[in-house]
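Colleague: Got a sequence here, can you model it:
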Amino acid sequence: MARWERPKREDKWWHLLVSAVAAFGLAVWTYVDITRAEQSDGTFRINWLLGLFYDMLGKWAVVGLLAAMGCAFIAVSISKRRKALAAEHQE
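Modeller: Model prediction:
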């Protein structure tokens with residue numbers, strides 16, 4: 001390896017599982033926060049893109065988007081784990 005090359009970074013499959021748990025946790029927290037604000041006629045702070053989803057489609061679109069991200073993280077994690085197991089069996 002030349003001096004200026006970066007070593008190849010391998011993403012661990014379980015990092016994506018941790019990200020999935022975080023995405024699901026954020027979805028639950030967002031649902032609770034939005035519901036509390038809606039019931040008390042209060043306000044809440046949210047990312048502008050998620051706010052756009054909320055304005056157009058409601059709270060379930062925002063929660064669904066975050067949950068879908070969690071599902072995507074799980075799917076990619078399973079794929080990476082299967083590839084890693086296949087590579088181990090070939091060695």
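
Colleague: quick one: the helices in the protein?
Modeller: 13-39, 48-57, 59-90 (DSSP state H).

Colleague: out of those helices, which comes closest to residue 5?
Modeller: helix 59-90 (22.3 Å; C-beta to C-beta). Any C-beta I mention is one placed from the backbone N, CA and C, and that applies to glycine too.

Colleague: What's the mean pLDDT across that closest one?
Modeller: Mean pLDDT, computed over helix 59-90, is 92.

Colleague: Can you mark which positions in it are buried?
Modeller: For helix 59-90, a neighbour-count test (16 or more other C-beta atoms under 10 Å) marks 59, 62-63, 65-67, 69-70, 73-74, 76-77, 80 as buried.

Colleague: tell me how far that helix is from the chain's mean position?
Modeller: 9 Å (C-alpha atoms, centre = their mean, to the nearest Å).

Colleague: Could you do stretch 37-55 as well?
Modeller: That offset, for stretch 37-55, works out to 19 Å (C-alpha atoms, centre = their mean).

Colleague: Which positions in that stretch come out as buried?
Modeller: Under 16+ other C-beta under 10 Å, the buried positions of stretch 37-55 are 46, 50, 53-54.
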